[in-house]
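Participant: Next input, structure requested:
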Amino acid sequence: MSLFARTPRRIAFASALAAAMAGFAAPSTASASAAAEYLYERALMNAADARCHLFSPEVGHALAAARVQARNAALRAGDSSTAVEATERRAVDKASGVDCGSRGLALAAERLRTAFADYAKLQVMRFPGPQSAWRAERPYPDYHGGPRWGLLQAVLGQGGWVLLGTTGGVVTVLDARPHAAPAASARLVMRDPARLAQPYLDPGRRELAAQAPPRDVSQVFIARSRSTAAKSLLPAGASSGTTYQFPTEALSALARLDPREFATLELVYPGVKGDRIATAWIEIGDLAAAEAFLASGHIVKARR
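Facilitator: Numbering: from 1, shown residues only. The predicted structure is shown next:
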């Protein structure tokens, strides 16, 4: 007998996973034990899919997004990276013994597919973190207006709002601080895993500036262009702003970091006595899950 046929509780877990696919909110605020359970369930179905080919690509991407978010929730709840990896290994090991033809597995997979039908219709999802949130918005097929944000995180910088995200697939920073002059350049600074393999975390200090890694273990991405912000990108209440376009690699590097880490955005103003730098801090959070949400939307659109 298979895992699913032998233990009805596992079918209930898979059903709960399916019901949660359209929300994702619960894992972000779960306790350590609940977060580990969420992760186990999602990793188990993810591994069963890899072994038994249960889902179409779009459902697989949605499940991968749920697994990433559950993993991040477990880390934020206090589990160590070692414990999280052990939970995922336990799920993969369990899935290796699943009977791909079992009725229980088929039922769990069908429930998840049904839930995905609603998930696929979602246009916008919000991925909250302790300090900030990522907002992911799939493109509207019939929209022909100005540029729109695909991914977006809005943070309070020194004097007003600063936004980081993607517009038309381009990594973009928008400085919407009132009366702020355009900076000469903009930089995104984050931990370089090649120089420091472990996440840079300082739980003893709450101020965001203390969460930035030292420069000697950081990588720096410099904006490649600057322009006046389109009106359609401005936050509510802003009348103007400046956008800075970064290489695609900058967002990929952010997504590979630990969800508890922060990156630093620096807007540089040269002066005769040295550079003046306006700073904002970007929470990594569930960026990878937000990207997966957008990716699953592109697959759905391509298959229609």
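Participant: can you map out the strands along the protein?
Facilitator: With strands called from DSSP state E, the chain shows them at 124-128, 133-137, 149-157, 160-167, 170-175, 185-191, 218-222, 225-228, 242-246, 262-269, 276-283.
Participant: JSON lines please, covering the ones you listed and showing mean neighbour count, mean pLDDT and distance to Glu88.
Facilitator: No exception for glycine: its C-beta is placed from N, CA and C like everyone else's. As requested, these are exported to JSON lines (neighbours: other C-beta atoms under 10 Å; pLDDT from 0 to 100; distance: least, C-beta to C-beta, whole Å):
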{"stretch": "strand 124-128", "mean neighbour count": "18", "mean pLDDT": "91", "distance to Glu88": "20"}
{"stretch": "strand 133-137", "mean neighbour count": "21", "mean pLDDT": "95", "distance to Glu88": "22"}
{"stretch": "strand 149-157", "mean neighbour count": "20", "mean pLDDT": "93", "distance to Glu88": "25"}
{"stretch": "strand 160-167", "mean neighbour count": "23", "mean pLDDT": "95", "distance to Glu88": "28"}
{"stretch": "strand 170-175", "mean neighbour count": "24", "mean pLDDT": "96", "distance to Glu88": "29"}
{"stretch": "strand 185-191", "mean neighbour count": "22", "mean pLDDT": "97", "distance to Glu88": "22"}
{"stretch": "strand 218-222", "mean neighbour count": "16", "mean pLDDT": "98", "distance to Glu88": "27"}
{"stretch": "strand 225-228", "mean neighbour count": "12", "mean pLDDT": "96", "distance to Glu88": "40"}
{"stretch": "strand 242-246", "mean neighbour count": "21", "mean pLDDT": "97", "distance to Glu88": "31"}
{"stretch": "strand 262-269", "mean neighbour count": "21", "mean pLDDT": "96", "distance to Glu88": "25"}
{"stretch": "strand 276-283", "mean neighbour count": "19", "mean pLDDT": "94", "distance to Glu88": "23"}
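Participant: Rebuild those strands as CSV, extending it with distance to Ala197.
Facilitator: Formatted as CSV, these follow (distance: least, C-beta to C-beta, whole Å):
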stretch, distance to Ala197
strand 124-128, 25
strand 133-137, 25
strand 149-157, 25
strand 160-167, 25
strand 170-175, 24
strand 185-191, 9
strand 218-222, 13
strand 225-228, 33
strand 242-246, 24
strand 262-269, 17
strand 276-283, 21
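Participant: Out of those strands, which gets nearest to Leu44?
Facilitator: strand 124-128 (22.2 Å; C-beta to C-beta).
Participant: Each with direction, which strands does the closest one pair with?
Facilitator: Strand 124-128 sits in its sheet next to strand 133-137 (antiparallel), going by DSSP bridges.
Participant: The partner strand to strand 149-157, inter-axis angle?
Facilitator: Using axes from the mean of the first three to the mean of the last three C-alpha atoms, to 10 degrees, the direction of strand 133-137 lies 160 degrees away from that of strand 149-157.
Participant: residues in contact with strand 133-137?
Facilitator: By C-beta atoms under 8 Å, 6 or more residues apart in numbering, the surrounding residues in contact with strand 133-137 are 123-127, 148-153, 165, 285-287, 290-291, 293-294.
Participant: okay, the closest residue to Val59 other than its chain neighbours: pLDDT?
Facilitator: In this structure, Val59 finds its nearest non-sequential neighbour in Phe116, 4.8 Å apart by C-beta to C-beta, 6 or more residues apart in numbering. We have a pLDDT of 80 for Phe116.
Participant: thinking again about what came up before, kindly state which of the strands of the chain is positioned closest to Glu37.
Facilitator: Closest approach to Glu37 among the strands of the chain is made by strand 124-128 (19.8 Å; C-beta to C-beta).
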